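Q: Kindly return the folded structure for what I paste below:
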Amino acid sequence: MTISIKRYVAYNLKELLKNGYLAAGLLGACVPALIMGFVILKGGTPFNIKHVSNFYCMLGMLAAVLMPLYFINRDYSARTISLINNSVKNRRNYVFANGIIAISVSFLYAVIGIVLFQAAKMMGVSGDLELSFLAGFSVNVFLLVVTYFLIGYLLFLYNFRSGAVYGILTAILLFFPNALASIQGMTHNGFLSKIIENFPGYFYPIMVGSNPLSPLQYSIGCLTLAVLFMAVLKKSERIEI
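A: I've put the predicted structure just below:
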């Protein structure tokens, strides 16, 4: 039996709604942003709309990355992956279907984020919401979510357990960028500073809710995404039944 990409995507997106994971993930993104917006409106702080967006992304991006990986973890944990791995076409369709789910989740988080920022702006939070910022935010969310999803997928393909996968993703999204930022702040080596600045593991988590990336960073990000996708696809196709 061949996996239908359309049916697989539709069924699992509905499951995200039914089991409450989608709602929980969005709450994890929105609550910190709403608290920051409330603090700003109370006055006495130098914060603005970009602090709201940064707080939205703080836990929101981690939730958005882990959400589509739930299905990979489910299938590997329940051993149902053996039913999917019965043909090269099924393995390929499985990659594409889960990739579409990750893209759908990233789109939803981008839209919800933009609506939240617009609402905060209308309520009196200071700062400009220029089209370039909103467009950059949307692209940043897409690139970050899909890139880190593929990293997680690749770890599952190399037989990492779910706890290790989630732990690694949490570390490289929440803690590793801060370590790199500290190194960049302390170093006087311009070359090293440039390498850190243009490393996806740094600029995605740091910049996703702040500013559009530079053309070089977008180029590096797209290349990284393409390489990761091909690595996942090729590794999936070579799985022995």
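Q: contacts and neighbour counts: CA atoms only from here.
A: Will do.
Q: Next, Pro212: secondary structure please.
A: Following DSSP: H, G, I helix; E, B strand; the rest coil, the label given to Pro212 is coil.
Q: so it makes contact with Ser132?
A: Yes. Between Pro212 and Ser132 a contact is recorded at 7.3 Å, counting by CA atoms under 8 Å.
Q: Compare neighbour counts for these two and give me the winner.
A: Between Pro212 and Ser132, counted using other CA atoms under 10 Å, the more crowded position is Pro212 (19 against 11).
Q: what's the more buried one sitting at in phi/psi?
A: For Pro212, the backbone dihedrals (degrees, to the nearest 10) come out as phi -60, psi 150.
Q: In space, what's closest to it - neighbours in sequence excluded?
A: Closest residue to Pro212 apart from its sequence neighbours, by CA to CA, 6 or more residues apart in numbering: Gly136 at 4.3 Å.
Q: Quick check: the gap between the one you found and Gly221.
A: Gly136 sits 13 Å away from Gly221, going by CA to CA, to the nearest Å.
Q: of the two, who's got more company?
A: The residue with more neighbours, out of Gly136 and Gly221, is Gly221; 23 against 20, by other CA under 10 Å.
Q: OK, contacts around the residue nearest the centre of the chain?
A: Central residue of the chain (CA atoms, centre = their mean): Val145, 2.1 Å from the mean position. Counting by CA atoms under 8 Å, 6 or more residues apart in numbering, Val145 touches 61, 64-65, 102-103, 106.
Q: got it, and Leu216?
A: For Leu216, the contacting residues are Asn198, by CA under 8 Å, 6+ apart.
Q: next one: the one 4 residues further on
A: Under the criterion of CA under 8 Å, 6+ apart, the contact list for Ile220 reads 198, 200.
Q: and it, what helix or strand is that in?
A: Using DSSP states H and E, Ile220 falls within helix 215-237.
Q: Distance from the chain centre to that helix, please.
A: Distance, stretch centre to chain centre, for helix 215-237: 14 Å (CA atoms, centre = their mean, to the nearest Å).
Q: Going by neighbour count, list what's buried in it.
A: 217-218, 221, 225, 228-229, 232-233, 236-237 (16 or more other CA atoms under 10 Å).
Q: Dump those residues to CSV, plus pLDDT and distance to Gly113.
A: Converted to CSV, those look like this (pLDDT from 0 to 100; distance: CA to CA, whole Å):
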residue, pLDDT, distance to Gly113
Gln217, 96, 22
Tyr218, 97, 21
Gly221, 96, 21
Leu225, 97, 23
Leu228, 97, 26
Phe229, 97, 26
Val232, 95, 29
Leu233, 93, 31
Ser236, 87, 33
Glu237, 80, 36
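Q: Which two among the residues you listed are spaced furthest apart?
A: Gln217 and Glu237 (30.1 Å; CA to CA).
Q: give me the low-pLDDT residue ranges for this protein?
A: Within the chain, the stretches with pLDDT under 70 are 44, 240-241.
Q: switch to 90 and redo it
A: Within the chain, the stretches with pLDDT under 90 are 1-3, 41-47, 75-91, 124-129, 159, 162, 184-190, 210-211, 236-241.
Q: tell me what the longest helix seen in it is packed against?
A: With secondary structure taken from DSSP state H, the chain has its longest helix at helix 88-122. Here helix 88-122 touches helix 5-18, helix 21-42, helix 49-77, helix 81-84, helix 131-157, helix 215-237, going by 3 or more CA pairs under 8 Å, 6 or more residues apart in numbering; DSSP states H and E.
Q: My understanding was that Ala102 contacts Pro68; is that so?
A: Yes. Between Ala102 and Pro68 there is a contact at 5.4 Å, judged by CA under 8 Å.
Q: Show me the common contact partners of those two, please.
A: By CA under 8 Å, 6+ apart, the residues touching both Ala102 and Pro68 are Phe149.
Q: Thank you, goodbye.
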